[in-house]
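In: here is my input; please provide its structure:
(4 chains)
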Number of protein chains: 2
Amino acid sequence: MKQKILLVDDEADALEVLGYNLAKAGYEPILATDGHAALQLARDQRPALVVLDLMLPGMDGLDVCRILRSSPETASLPIIMLTAKAAETDRIVGLEIGADDYVTKPFSPRELLLRIKKLLARTQLTDDPSSHLRVGDLDLDSARHTVLAQGKPVVLTATEFRLLELLLRRRGRVQSRERLLTDVWGYENVIDTRTVDTHMRRLREKLGPSAALLETVRGVGYRCVNPA
Amino acid sequence: MKQKILLVDDEADALEVLGYNLAKAGYEPILATDGHAALQLARDQRPALVVLDLMLPGMDGLDVCRILRSSPETASLPIIMLTAKAAETDRIVGLEIGADDYVTKPFSPRELLLRIKKLLARTQLTDDPSSHLRVGDLDLDSARHTVLAQGKPVVLTATEFRLLELLLRRRGRVQSRERLLTDVWGYENVIDTRTVDTHMRRLREKLGPSAALLETVRGVGYRCVNPA
DNA sequence: CCGGACCGTCACGGGTTTGTCACAATTCCA
DNA sequence: TGGAATTGTGACAAACCCGTGACGGTCCGG
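Out: Numbers count the residues shown, from 1 in each chain, chains lettered A, B, ... in the order given. Below is the predicted model:
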């Protein structure tokens, strides 16, 4: 599944070029030329990252940044700022506006791509390994040991819980049965790999419609999909 | 009153930067570059939270973590671990070393700030050091060492009292038997985990109907429910 | 020295969880 | 299309987990 990148810049030409480069690199670019559109798209499209020009007509990049940060849904969205002058960067970093990285214009598409890749890798590794996990309409809290599917509480056994937690934590990546066995069950191959299937079945049964997030990858294992 | 945050990292530069950012965000950073200093400062300065690098010269982060957990004064001190590799994280959070959260290097100051904020919010809700705790129809006074269930006084033994207090303080979050043993009984004692069950039983017996607040989470431990 | 309060351990029993298996359903490829 | 490989499903017995009552030991005040 392609990762969505929201690009915000008021120069249509530059935007096109960036979008083209991102698409070529395997991302799914979403384009916006002003702050309001950007906020709307950030909410609706759930991009994995935002590239935000500092200079925008009307609401400028800093405002957009602040608003994104203030909403819990987008508070942890990685943001890369584009700035025209090197001098401006001091202001941004120094004042802790909330951007994760910045790139000074002019820059090569290659440079931006590198930064995007790096930032994505960084945030996806650390993305909420804390107690609270939210994927699609699933809510898992490992400290409380509770799970909500579509807002309604679901009672899971200890193993079911660990299994779901692991899949959610490593969402997007396929987990082989062997992998799941060693990571959920702990010990080595004392357990039949088919046991994983049985637990997946029980898990899906309890999760109801939300179980659609848990995919079977034939011949390989299971994975939790990354919702749009 | 600013909240103190204890930062422990052996790289002085990184420490400075983090400290600067925390100060900017309204916290009062306390800096330490090795484990011994960290322990000393944790005792003397009473920080609200500790950010602990896993890699330290001499005593490493895990040791510090364990020692902090073993002393009743710092047992419930929130700890965020900094780790270089994502692979190490399983060991920390998964295996009950005792850290509350972890952040993988490299990270942006914003990421760490978010985590700190989140963890503080989480723990301050329940770890309120005030002497009077009220959950549901339970009333616990740490200073006076008295408990009221449905308004009527209940006589608890010392162990029962500490057990109840811990569960109430950390209400909502599941506490494993191991965790309860180290935090209520202290680490030097090698005590059977089933002992916890017995004390829970005695506690429930004395609390009568109010014992409904104390839930068993099968295969995991015990928790005090949060009456919304 | 005795009795009681408190504590840690243990064995038992019931209910739940779990691993396994056989079989049905599905998917994939020849 | 047909058959082989793979996965979903239902059932079941063993294993496990936890509540419970009982027991012995320690400590302390009378």
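
In: chain A: helices as residue ranges?
Out: Using DSSP state H, the helices found in chain A span residues A:12-24, A:35-45, A:61-70, A:86-95, A:109-126, A:158-169, A:177-180, A:194-207.

In: most remote residue from the middle of chain A, which is it?
Out: Summary for chain A: using CA atoms, centre = their mean, the residue whose C-alpha lies farthest from the chain's mean C-alpha position is residue A:190, with a distance of 35.2 Å.

In: do you know how far that one is from DNA strand D?
Out: 11 Å (CB to the nearest atom of the strand, to the nearest Å). Where C-beta positions appear, they are placed from N, C-alpha and C, glycine not excepted.

In: kindly report the same for residue A:26.
Out: Separation of residue A:26 from DNA strand D (CB to the nearest atom of the strand) stands at 26 Å.

In: OK, contacts around that residue?
Out: Residues touching residue A:26, when contacts are defined by CB atoms under 8 Å, 6 or more residues apart in numbering or on different chains, comprise residue A:2.

In: rewinding a little: pick the most buried one from the helices of chain A.
Out: Mean neighbour counts were compared across the helices of chain A using mean count of other CB atoms under 10 Å in any protein chain shown; the top stretch is helix A:158-169, at a mean of 21.

In: can you pull the residues of chain A lying near DNA strand C?
Out: Along chain A, the residues adjacent to DNA strand C under the rule CB under 7 Å from any atom of the strand are A:157-160, A:185, A:190-192, A:194-195, A:198-199, A:202, A:218.

In: okay, now residue A:77: neighbour count?
Out: Burial measure for residue A:77: 20 neighbouring residues, criterion other CB atoms under 10 Å in any protein chain shown.

In: spatially nearest residue to the spatially most central residue of chain A (excluding sequence neighbours)?
Out: Compute the mean C-alpha point of chain A, and by CA atoms, centre = their mean the closest residue is residue A:48, 4.7 Å away. With CB to CB, 6 or more residues apart in numbering or on different chains as the criterion, residue A:48 has its nearest non-adjacent residue at 4.3 Å, and that residue is residue A:3.

In: can you tell me how far the one you found sits from chain B?
Out: Distance of residue A:3 to chain B, computed by CB to the nearest CB, to the nearest Å: 18 Å.

In: not counting sequence-adjacent ones, nearest residue to the residue of chain A found nearest chain B?
Out: Shortest chain A-to-chain B distance, computed as CB to the nearest CB: residue-wise this is residue A:158, at 3.0 Å. The shortest distance from residue A:158 to any residue that is not its chain neighbour, by CB to CB, 6+ apart, is 3.0 Å, and that residue is residue B:219.

In: what sits against the one you found?
Out: Each residue near residue B:219 by CB under 8 Å, 6+ apart is listed here: A:157-159.

In: make a markdown table out of these and add pLDDT and distance to DNA strand D.
Out: Putting these into a markdown table (pLDDT from 0 to 100; distance: CB to the nearest atom of the strand, whole Å) gives the following:
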| residue | pLDDT | distance to DNA strand D |
| --- | --- | --- |
| A:157 | 97 | 9 |
| A:158 | 95 | 7 |
| A:159 | 96 | 10 |
